[in-house]
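Chemist: here is my input, please return the structure:
(chains A and B)
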2 protein chains.
Amino acid sequence: MDMEKVNSMDFREFVDVFGNVIERCPLIAAAVWSQSPFSDREELERHFSAFIDALPQSGQEGILRCYPDLAGREQHRGTLTAESQREHSVAGLMSLGTDEQLRLAELNTQYRARFGFPFVLAARLSDREAVFQELQRRLHCSSELELRTALGEVKKIGRLRLADLFRVDPVGL
Amino acid sequence: MDMEKVNSMDFREFVDVFGNVIERCPLIAAAVWSQSPFSDREELERHFSAFIDALPQSGQEGILRCYPDLAGREQHRGTLTAESQREHSVAGLMSLGTDEQLRLAELNTQYRARFGFPFVLAARLSDREAVFQELQRRLHCSSELELRTALGEVKKIGRLRLADLFRVDPVGL
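Modeler: Sure, this is the predicted structure:
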């Protein structure tokens, strides 16, 4: 896909293609379309980030609440989005042993209870050991810092999903 | 469902139940959860409206772009949400003749091209004849007025969907 093609899309095509750059938030892709045409992928990415940054805190928390727990309810129900499933898979989260599953479920529950949103991490840049370490570390951060960290992960995930759509090697992004 | 039950929900239950009050925008329900507890249904509804009103214009247009055309692509593909399907059905839009389908498709296309979002109407408060009349009338409105009108319809649809969830008779709402 190239920018010329993207810039020729009506909003329905655009949302079909980019609707899950931010997990289960087609509203954000649909809002970003208002800024077309885009000069390049980086500009497109900046509009996604800018929209997120401009939301009130409740909206930013709302975005996070649209992400699944890692190796949680949606994985077990088979209702992960295709993008999330791939990310889980790369991080080795589709093949956890029962002990690891239970331990992760417990940590996810503690995290949700503490912050009011799920633990969000760019799993493709991680592995199962790092997921546990990072979850345990972030559980002890302040709410303010954790909101910023989690939104940073949302943007990293978005950057990787955009790179996939443009067939760009995400290494070094 | 009563408010005590709603106020006891964690964000995952809340988004499961209210995630489609605004069509395909679980982000908005997830953001509204930040304002819980709620004293009554009216307060809950006001938080949905307030969130929409506080968005930048691109975000408001983004919401509208998450709604399906009436009797359009999603209906033909069978990908309407359960709520939209019911609303289409009540307005008699699931049983249009071929001529009416083609005429509506043409008007929908004109509307999308003119305003950059789909024609949104609280179809349950309408019927097929009124849908055509209203679409033809609104095609000639200014962009500014039409954005306000369409967001008003989004709120009406949300009010009716909330009434359903609370099993309240929507007559007179």
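
Chemist: spell out which parts of chain A neighbour chain B.
Modeler: Along chain A, the residues adjacent to chain B under the rule Cβ under 8 Å from any Cβ of the partner chain are A:10-12, A:15, A:24-35, A:51, A:54-59, A:61-63, A:65-66, A:73, A:112, A:116-117. Where you see a C-beta, it was placed from the backbone N, CA and C, and this is true even at glycine.

Chemist: list the contacts for A:Ser95?
Modeler: Taking Cβ atoms under 8 Å, 6 or more residues apart in numbering or on different chains, we find A:Ser95 in contact with no residue.

Chemist: for the buried ones among the residues of chain A next to chain B, write the corresponding PyMOL selection.
Modeler: Of the residues of chain A next to chain B, the buried ones can be selected in PyMOL as follows, counting by 16 or more other Cβ atoms under 10 Å in any protein chain shown:
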select buried, chain A and resi 11+12+15+24+25+26+27+28+29+30+31+32+33+34+51+55+58+59+61+62+63+65+66+112+116+117
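
Chemist: go through the residues of chain A next to chain B and flag which are in helices.
Modeler: Under the assignment DSSP state H, these contribute A:11-12, A:15, A:26-32, A:51, A:54, A:57-59, A:61-63, A:73, A:112 to helices.

Chemist: which SSE is A:Glu45 in?
Modeler: Secondary structure from DSSP states H and E places A:Glu45 in helix A:41-54.

Chemist: what comes up buried for that helix?
Modeler: For helix A:41-54, burial by neighbour count (16+ other Cβ under 10 Å) applies to A:41, A:44-45, A:47-49, A:51-52.

Chemist: now swap in stretch A:98-108 and tell me
Modeler: Neighbour count says stretch A:98-108 has A:100, A:104-105, A:107-108 buried, by 16+ other Cβ under 10 Å.

Chemist: and that stretch, how far out from the chain middle?
Modeler: 21 Å (Cα atoms, centre = their mean, to the nearest Å).

Chemist: cool, stretch A:76-92 as well?
Modeler: With Cα atoms, centre = their mean, you get 12 Å for stretch A:76-92.

Chemist: same thing with stretch A:114-130?
Modeler: 10 Å.

Chemist: the nearest residue to A:Tyr111 once chain neighbours are set aside in helix, strand or coil?
Modeler: Using Cβ to Cβ, 6 or more residues apart in numbering or on different chains and skipping the chain neighbours, the partner closest in space to A:Tyr111 is A:Phe119 (4.5 Å). Secondary structure of A:Phe119, reduced to three states by DSSP: H, G, I helix; E, B strand; the rest coil: coil.

Chemist: next one: A:Phe119 from chain B, what distance?
Modeler: Per Cβ to the nearest Cβ, to the nearest Å, A:Phe119 is found 13 Å from chain B.

Chemist: got it, and A:Leu139?
Modeler: For A:Leu139, the distance to chain B - Cβ to the nearest Cβ - is 17 Å.

Chemist: quick one: low-confidence ranges for chain A?
Modeler: For chain A, residues meeting the criterion pLDDT under 70 lie at A:170-173.

Chemist: show me what the helix holding A:Glu45 is packed against.
Modeler: helix A:3-7, helix A:26-32, helix A:143-165 (3 or more Cβ pairs under 8 Å, 6 or more residues apart in numbering or on different chains; DSSP states H and E).

Chemist: how far out from the middle of the chain is the second one?
Modeler: Distance, stretch centre to chain centre, for helix A:26-32: 14 Å (Cα atoms, centre = their mean).

Chemist: quick one: contacts of it?
Modeler: A:11, A:14-15, A:18-22, A:44, A:47-48, A:51-52, A:63, B:24-25, B:27-28, B:55-56, B:58-59, B:61-66.

Chemist: for it, list the C-alpha coordinates in PDB.
Modeler: Presented in PDB, the C-alpha positions along helix A:26-32 are these (Å, rounded to 0.1, in the frame of the first residue of the first chain):
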ATOM      1  CA  PRO A  26     -12.600   2.600  14.600                       C
ATOM      2  CA  LEU A  27     -13.800   6.000  15.800                       C
ATOM      3  CA  ILE A  28     -10.100   7.100  15.900                       C
ATOM      4  CA  ALA A  29      -9.300   6.000  12.400                       C
ATOM      5  CA  ALA A  30     -12.500   7.600  11.300                       C
ATOM      6  CA  ALA A  31     -11.500  10.900  12.900                       C
ATOM      7  CA  VAL A  32      -8.000  10.800  11.500                       C
END
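
Chemist: now the buried residues of stretch A:98-108 in a markdown table, with secondary structure?
Modeler: Listed next are the buried residues of stretch A:98-108 as a markdown table, based on three-state DSSP:
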| residue | secondary structure |
| --- | --- |
| A:Glu100 | helix |
| A:Leu104 | helix |
| A:Ala105 | helix |
| A:Leu107 | helix |
| A:Asn108 | helix |
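
Chemist: any chance of the residues you listed in TSV, plus distance to A:Ser143?
Modeler: Shown next, in TSV, are the buried residues of stretch A:98-108 (distance: Cβ to Cβ, whole Å):
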residue	distance to A:Ser143
A:Glu100	27
A:Leu104	22
A:Ala105	22
A:Leu107	17
A:Asn108	17
